[in-house]
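J.: Model the structure of this input:
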Amino acid sequence: QLQLVESGGGLVQPGGSLRLSCAASGFILGYEAIGWFRQAPGKEREGVSCISSSFGITNYADSVKGRFTISRDNAKNTVYLQMNSLKPEDTAVYYCAVLRQCPNYGSASDWGQGTQVTVSS
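T.: The predicted structure is shown next:
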């Protein structure tokens, strides 16, 4: 059974860092493009970053460029989202999902359950 599980969320002060993990089971994550999304209260879910299945091509939303870094460890079947210089507006539930290709965020499927990130002093 194909499954994605996010972890690594939590409460952090503005300017702090978190690393989110998206672990896959039931399929080889290295064969897939993977996207990170987030949904804040009262807002629509938005694509944050993605990484292609080959060549490690990445994409970032303008709001996170220069602060977030996506990477993958195929040996661990895991994709990471390193988030630095966090701002209160980064507060949201973060999800990972399989994409048909990066950065086609509209093609997302096989969503994880999400992990809460709260940036607050």
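J.: The residue nearest the centre of the chain: which element?
T.: Most central in the chain under CA atoms, centre = their mean is W36, positioned 2.7 Å from the mean C-alpha point. Using DSSP states H and E, W36 maps to strand 33-39.
J.: What's opposite S109 in the beta bridge?
T.: Under DSSP bridges, the beta-bridge partners of S109 are V98.
J.: for the chain, what spans make up the strands?
T.: Listed in chain order, the strands of the chain (DSSP state E) span 3-7, 10-12, 18-25, 33-39, 46-51, 58-60, 68-73, 78-83, 92-99, 115-119.
J.: and the end-to-end length of stretch 81-89?
T.: With CA to CA, to the nearest Å applied, stretch 81-89 spans 17 Å between its terminal residues.
J.: gap between it and the chain center?
T.: 12 Å (CA atoms, centre = their mean, to the nearest Å).
J.: try stretch 99-109
T.: 13 Å.
J.: Now that stretch: buried residues?
T.: L99, C102, P103, Y105, A108 (16 or more other CB atoms under 10 Å). C-beta coordinates here come from the backbone N, C-alpha and C atoms, glycine included.
J.: Quick check: the second one touching S54?
T.: No. C102 sits out of contact with S54 when judged by CB atoms under 8 Å, with a separation of 10.2 Å.
J.: ok so, going back, reformat the strands of the chain as a markdown table; add mean pLDDT.
T.: As requested, these are exported to a markdown table (pLDDT from 0 to 100):
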| stretch | mean pLDDT |
| --- | --- |
| strand 3-7 | 95 |
| strand 10-12 | 98 |
| strand 18-25 | 96 |
| strand 33-39 | 97 |
| strand 46-51 | 98 |
| strand 58-60 | 98 |
| strand 68-73 | 96 |
| strand 78-83 | 97 |
| strand 92-99 | 97 |
| strand 115-119 | 98 |
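J.: I am finished for the moment; much appreciated.
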